[in-house]
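Trainee: pasting the sequence and the predicted model now:
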Amino acid sequence: MKLKKVRIKNFRRLTDVEFSLNQNIGVIVGPNAVGKSSIFEAIRLAKAVLFARMQDELRNVLISLGATSAHFFQNNFQIDTTALTGDPSQPLRVTLFISFSDEEIASLQESKSSLARNLSSILLGRSQDDPQFDLRAYFSTEQGKSSLENSMKEIERSLDSLVAEKSIEFFVEFANQQIQTSAPVNNIFVGFLEQRLSPDKAILSYFPADRSMPAGEVQIQIGPQDFKAQADSHLAHAGNKYGRLKQTIVNQAIVAGLQNRNIKEEFDSIFETLLPGKEFIGLNQKPTGLMTVLVKDIVSGRVFDIDSLSSGEKGLILSFLLFKTASVSGSIILVDEPELHLNPAVCKKIIPYLAQTILKDTDCQFLISTHSVEILRDAYETPEAELFHLRNDKDVSPVLMQDTASVREAIERLGVNAAQALTAKGTLFVEGDTDVALLEAAFPEILAGVLVQPLHGRAEVEKSIRELQIEEQKGSLKDKQAFLYDKDRKPSDLQSTKLVRVEQLQKYCIENYLLDETTLYDLIVQNSGNPPESRGAFSKDIKQIALEQLDGVILDGLLSRYRNLRVGVKKDEIKRKSLEEVADIQLEKLRDINQEISEFLAQKTWKQSFLIEFQQKKTDESLLWENDWKILCSGKVLFEGLRNKYQINVEINRFKVLVIQKLAQLERDDIVALKGMLNKLLES
C-alpha cells in the first residue's frame, strides 16, 4: 500500500491541509508548533478508527491524544473532541487516499470468503478481530447465510472497483459526538491485510519524537505474553517501542534463528553505515540472570552492553532495526524528527540509507518530519524523496527544485539558507546586527520562531526588496518576506506586495525609538562613571548632543552635489562601439565635467556663496530640529555621544538592549508603535 494523498480538516493546529505523495520518502519541514506532528497524529487516528488491528487500538490512541480517559465513560460522552479539533463547533475530517499493489489486490481476491465473513461480523457490530466461534450458529441460519451472500456481493463489487482504480478514498469524520467513516467494505481490506501479519510487523507504524529510552534491566518476555505488546507498539502505544529495545533484539534473534536469518548482518549494516566503528556481538546472560546485548568497539576491542550507548544511538539502532524487520512490502512508516539526539554527521546518512538500503529490501513508504538541515538537503536532492513545506495551518506545499532555483538564489544572497527559510515561521530582514539584537530583546514573543536577518545597509535592503518582488511577479516566490529599514533622511517609494512586505521607520533609525529621557537617565546613572547632575541637566545635554549633528547633516547635503559628478563611461554606452568611438564618448564626458567645474571656479564669490547657503540652511533647519530632534538626528550617533560624555561603563550595544527592554516593559508609546509595525509586517 502507499499513501497517495492526505487531507486533514480541523485537527488541532491544522485548519485545512492537503498534499499528495509520489515518492517512497516524503519529508515535511516547517516552523516549530506549526502542526507537523499533528499530521502524523491525524493519520494515526484515522487508521485506528478505520482499520484497527486490535480491539482496543482506537481507545488507546484516543487516550494518548487526551480525547478520552482510561477510567471514565458516561452515557454518550465518551470522546472529548475539543482535544482533537481546532474549532470544536466544526467537524474534524481526515481523508486518506491509499493505493494497493497488484499483489495485495490478488491476496484480497483470494480471500473473498474470509472478507465476506468479516464484513458480516462488522455489520453485526463485531470487530473483525473478535473470535467468531460464537457466530457459527448464526452463520448456519438462513439469516446468516443471506448476510454472507450479500456481503460476498458487496466484497466482489468493491474488489472490481479496486482492480480498476487501484486505490480507495478512506475518510473518518468526528461531528456532534458521532463518528462517520468510509464504507466498511473498503475499510476491512486494509485491516485484513494487516491481520495476516505476525505481531512484529505492521502495515502502519508510528515513531513519535518523544524517545524515552529505559535505563537498566527490562523485563524480557517471549511468545504469546508479548504478542499484544509487540502489535500495540506499532501504533496504539507507539512510544512503547523505545522501551522495548532489548525485547525487540531478543525477539528478532529468536525469529532470525527460526528463519535461518543472520541478525548480525542486519545489525552490522546499521552500525557500518550510521555508527561506524562498532559491531554486534550477540546476546548473553549475566551470572545474575540479566540479559545483555553485546556491542564491540572495533578500535579498542572493548565489548559492552548496548545500554552504554547514548540515547540517540539506541534510538537510531532500534528505529532502523524495525525499519528493516518490522516493515513489509506496502508498510507505511511515520517518523517524527529522526534527528533527535543525533549529530549532523549521522543525520546526513539517514535519507541515503533509507533510499539505498531499506527501500531496496522492502518496498515501503516513509513520511518524515524534520528540522535537520542535513535531512532537508538530502530530501531535496534524492530522487526517491520529495520535500514538503508546511507553511501554516492551511498550506503544505511541495518544494520543487526547478520551481525555486531563482528564489533560492535570491534568498541565499540575503544570508538565509534553504533550511532556515523553510523551518522559520517567517523571515524579517533589517539593516544591521544591532537592529536584530534590539528587536529580539524587545519583542521575543512576536519574533519567536521568526528568523531575523541583517542585510548590512540600506542599499542592500532596497535591492533585495526589488529582486524578490520581481520573483513574486514571476510566480516563483511562495513565502512571505518582511523588510524593516531605517528612514535615514531618504523616504522610500517602495510599497508592500502580497508576499514582500516592507515597512520604513518613521524616525531616522531604531535607536531613535529609544530616546525616552526618563529611562535613559535612570540607566545612565546606574551604568556611568560620570553621571549627569540632574534630570534637568540631562535633558539639556542630550538635546545639545543631538543638535550638534546638524552642521554635519547640512554640510553633507551641500557637498553631495559634487560627489554626484560622474566622469566614467557606463557599459551600456559603449556596447558594439569601436575603440575610437569609445574614446570620443569618454572625451566628451571629460569636456562636460571640465566645463561644469570651470564654471564653479570662475565664480569669484563661490566660497562666500557656499558659506552663505550653509548658514541659510542651518537657520531653516534649526527651527525644525529644535522640536523634532528625536526624529531627525541619528540615534546611533547620539548614543555614541552619550557614551563618551557620561562614560557609560557597559558596551554600547548592550546598553541599548537594556534601554529597549525597559521601555518594552513600561510599554512606552514609541515601543508600542514599533511593535505595531512588526505585527503589520508579520501578520498572516
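Mentor: Yep, it's here. The structure displayed is predicted, hence computed values, not measured ones.
Trainee: residue contacts, the residue nearest to residue 471 when sequence neighbours are not counted?
Mentor: Leaving aside its chain neighbours, residue 471 sits nearest to residue 477 (4.5 Å; criterion: C-beta to C-beta, 6 or more residues apart in numbering). All C-beta atoms are positioned from the backbone trio N, CA, C, and that covers glycine. Contacts for residue 477 (C-beta atoms under 8 Å, 6 or more residues apart in numbering) come out as 407, 468, 471, 499, 500.
Trainee: do the same with residue 111
Mentor: With C-beta under 8 Å, 6+ apart, residue 111 has these contacts: residue 192.
Trainee: and the residue nearest to residue 471, how close does it get to residue 504?
Mentor: In this view, residue 477 and residue 504 are 21 Å apart by C-beta to C-beta, to the nearest Å.
Trainee: look at residue 1 and say how many residues are nearby.
Mentor: Residues lying near residue 1 (other C-beta atoms under 10 Å) number 23.
Trainee: just say helix, strand or coil for the closest residue to it other than its chain neighbours.
Mentor: Spatial nearest neighbour of residue 1, excluding adjacent residues (C-beta to C-beta, 6+ apart): residue 330 at 4.3 Å. Counting by DSSP: H, G, I helix; E, B strand; the rest coil, the backbone at residue 330 sits in coil.
Trainee: and residue 330, how many neighbours?
Mentor: Using other C-beta under 10 Å, residue 330 is surrounded by 22 other residues.
Trainee: what does the one 5 residues further on give?
Mentor: Using other C-beta under 10 Å, the number of residues around residue 335 comes to 22.
Trainee: what about the helix or strand hosting it, average pLDDT?
Mentor: Assessed by DSSP states H and E, residue 335 sits inside strand 332-336. In this model, strand 332-336 has a mean pLDDT of 93.
Trainee: strands of the stretch 401-550 of the chain, residue ranges please.
Mentor: Here the stretch 401-550 of the chain has its strands, by DSSP state E, counting those that start in this stretch, at 426-430, 450-454, 481-485, 500-504.
Trainee: for residue 207, see how far away the residue nearest to residue 397 when sequence neighbours are not counted is.
Mentor: For residue 397, ignoring the flanking residues on the chain, the nearest one in space by C-beta to C-beta, 6+ apart is residue 389 at 5.5 Å. According to C-beta to C-beta, residue 389 stands 21 Å off from residue 207.
Trainee: what residues are up against the residue nearest to residue 1?
Mentor: 1, 2, 100, 101, 104, 193, 203, 363, 364.
Trainee: tally of neighbours for the second one?
Mentor: As a burial measure, residue 2 scores 20 neighbours (other C-beta under 10 Å).
Trainee: nearest spatial neighbour of it, chain-adjacent residues omitted?
Mentor: residue 99 (4.8 Å).
Trainee: let me see the contact set for the one you found.
Mentor: 1, 2, 4, 166, 167.
Trainee: these in helices, which ones?
Mentor: Judged by DSSP state H, the subset of these located in helices is empty.
Trainee: can you tell me which of the residues you listed lies closest to residue 593?
Mentor: Checking those against residue 593 by C-beta to C-beta gives residue 4 as the nearest, at 69.3 Å.
Trainee: ok, now how distant is the closest one from residue 23?
Mentor: Distance of residue 4 to residue 23, given as C-beta to C-beta: 11 Å.
Trainee: and what of residue 453?
Mentor: Residue 453 is 32 Å from residue 23, by C-beta to C-beta.
Trainee: and for residue 556?
Mentor: Using C-beta to C-beta, residue 556 is found at 59 Å from residue 23.
Trainee: same question for residue 477.
Mentor: 25 Å.
Trainee: repeat for residue 663
Mentor: Distance of residue 663 to residue 23, computed by C-beta to C-beta: 51 Å.
Trainee: show me which of the two is the more surrounded one.
Mentor: Between residue 663 and residue 23, residue 663 has the larger neighbour count (other C-beta under 10 Å), namely 23 against 18.
Trainee: quick one, what contacts the nearest residue to that one once chain neighbours are set aside?
Mentor: Residue nearest to residue 663 in three dimensions, not counting chain neighbours: residue 671, with 4.6 Å by C-beta to C-beta, 6+ apart. Listed by C-beta under 8 Å, 6+ apart, the contact set of residue 671 reads 442, 513, 660, 663, 664.
Trainee: quick one on the thing from earlier: of the contacts of residue 330, which one scores lowest on pLDDT?
Mentor: Across those, the smallest pLDDT goes to residue 363, namely 85.
Trainee: my guess is it meets residue 24, correct?
Mentor: Yes - Residue 363 is in contact with residue 24 according to C-beta atoms under 8 Å; the separation is 7.3 Å.
Trainee: more neighbours, these two?
Mentor: More crowded of residue 363 and residue 24, by other C-beta under 10 Å: residue 24, with 19 against 16.
Trainee: these two touch, right, that one and residue 365?
Mentor: Yes - using C-beta under 8 Å, residue 24 is in contact with residue 365, at 5.1 Å.
Trainee: tell me, what's touching these two both at once?
Mentor: Common neighbours of residue 24 and residue 365 are listed as residue 2 (criterion: C-beta under 8 Å, 6+ apart).
Trainee: ok, and for the helix or strand where residue 16 lies, which residues are buried?
Mentor: For residue 16, the element it lies in under DSSP H and E is strand 14-20. Under the neighbour-count criterion of 16 or more other C-beta atoms under 10 Å, strand 14-20 has 14, 15, 17, 19 buried.
Trainee: now the two most distant members of these.
Mentor: The widest separation within the buried residues of strand 14-20 (C-beta to C-beta) is 14.2 Å, between 15 and 19.
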